[in-house]
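S.K.: model the structure of this input:
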Amino acid sequence: MCYIYYVKKRDIYKTDFNVKKRMVNIMVKYNYIVWRILIIVLGTALIVNGLLLFFRTNFNLGNVLTAGLGIAFLLYAIYFDWVHEKFPKWLKIILSLGISAVVLFSSFLFIYGLNDNVDYKEDAFIVLGAAVQGDTPSLALADRLDATVKYHKQNPSAVIVVSGGKGPQENVTEAYAMEKYLVTKGIPQNKIVKEEKATSTYENFLFSKEILDNTFDGEYSIAYVSNEYHIYRAGGIAKSVGFTNITHIHCGTRWYSVVTGTLRECLAVLKFCILD
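M.R.: Numbers count the residues shown, from 1 in each chain. From the prediction side, this is the model:
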């Protein structure tokens, strides 16, 4: 009787173990399918986002990086098994750490940029240029200009410097398009100074400083406006050209520009840290 009881109990345990094993295998397979689908959806979304921005904005590195990242995710999903079988563990760790670093640093850039520190007593306000389509500011640049209008209402005495030259895909200088936009929003033209040579953030500040040094006698304070993710690097560049009393205010970033903007900015910050 004891032997029979032991055999039956052993069979029950064995059956339970097999059931649990099958359940685990099902869950692993289910998670594998879900994870693969999520990667495909993410890759497709990034590719579409990058391609759409080619038509909505001027050609730039951020759009290329966004579409390229989407292609990389799609290839990863397609060759999922091969990647996990052939890639060494150390390479997987490096890739994971790299992606995590980009996500964390992008989060830092946004959080830093959201913390405005203007006191509305600055002597000058610099608008950093962005893409122009025809003679009309792009949506990103229009957002910066709308923030400028709000700032002007609280500090109408500040000199407004609109900074930006003519890019390869633009019909007029960015400064010209910005001045035209601000005047239509009610800002007096005599409060606006155009800087029409700059082709980079560094030149935005460098050439704006040359203008402001000739405008003011002695020390003066400035504020600048840009997108959240750009505030951190812009502040570092402003200090590097000689500005000392600096504050900033951000404008919002449209959802479809978040990825392309932050990817490009991460590389730009890395370049700035190395060269400066």
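
S.K.: could I get the pLDDT score of Glu174?
M.R.: Predicted confidence (pLDDT) at Glu174: the value is 95.

S.K.: whoops, Ala130 was the one
M.R.: Ala130 carries a pLDDT score of 89 in this model.

S.K.: list the contacts for the closest residue to it other than its chain neighbours?
M.R.: In space, not counting the residues next to it along the chain, Ala130 is nearest to Leu141; the distance is 3.9 Å by Cβ to Cβ, 6 or more residues apart in numbering. Where C-beta positions appear, they are placed from N, C-alpha and C, glycine not excepted. Taking Cβ atoms under 8 Å, 6 or more residues apart in numbering as the definition of contact, the neighbours of Leu141 are Gly129, Ala130, Ala131, Val132, Glu174, Ala177, Met178.

S.K.: quick check: which element contains Leu141?
M.R.: When elements are defined using DSSP states H and E, Leu141 is found to belong to helix 139-154.

S.K.: rewinding a little: nearest to Val83 among the contacts of Leu141?
M.R.: Among the contacts of Leu141, Ala131 lies closest to Val83 (Cβ to Cβ), at 36.6 Å.

S.K.: secondary structure class of Ile126, three-state.
M.R.: The three-state label for Ile126, taken from DSSP: H, G, I helix; E, B strand; the rest coil, comes out as strand.

S.K.: neighbours of it, how many?
M.R.: Applying the criterion other Cβ atoms under 10 Å, we find 31 residues in the vicinity of Ile126.

S.K.: for Ala140, see how far away it is.
M.R.: With distances taken as Cβ to Cβ, to the nearest Å, Ile126 is found 16 Å from Ala140.

S.K.: circling back to that earlier point, now the residue nearest to Ala130: how far from Gly50?
M.R.: As defined by Cβ to Cβ, Leu141 lies at a distance of 20 Å from Gly50.

S.K.: show me where the protein has helices.
M.R.: 2-56, 61-78, 80-86, 89-114, 139-154, 174-184, 201-215, 228-240, 258-275 (DSSP state H).

S.K.: how about the ones you listed in CSV, adding distance to Asn190?
M.R.: What follows is those, written out as CSV (distance: least, Cβ to Cβ, whole Å):
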stretch, distance to Asn190
helix 2-56, 34
helix 61-78, 36
helix 80-86, 62
helix 89-114, 31
helix 139-154, 13
helix 174-184, 10
helix 201-215, 13
helix 228-240, 25
helix 258-275, 33
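
S.K.: nearest to Tyr120, out of these?
M.R.: Shortest distance between Tyr120 and the helices of the chain, using Cβ to Cβ, is found for helix 139-154: 4.5 Å.

S.K.: and that closest one, what's buried?
M.R.: Ala140, Leu141, Ala142, Asp143, Arg144, Leu145, Asp146, Ala147, Thr148, Tyr151, His152 (16 or more other Cβ atoms under 10 Å).

S.K.: mind telling me the two of the contacts of Leu141 farthest from one another?
M.R.: By the measure Cβ to Cβ, the contacts of Leu141 have their two most distant members at Ala131 and Met178, which lie 11.5 Å apart.

S.K.: so the two - more neighbours on which side?
M.R.: More neighbours sit around Met178 than around the other of Ala131 and Met178, counting by other Cβ under 10 Å; the figures are 29 against 20.
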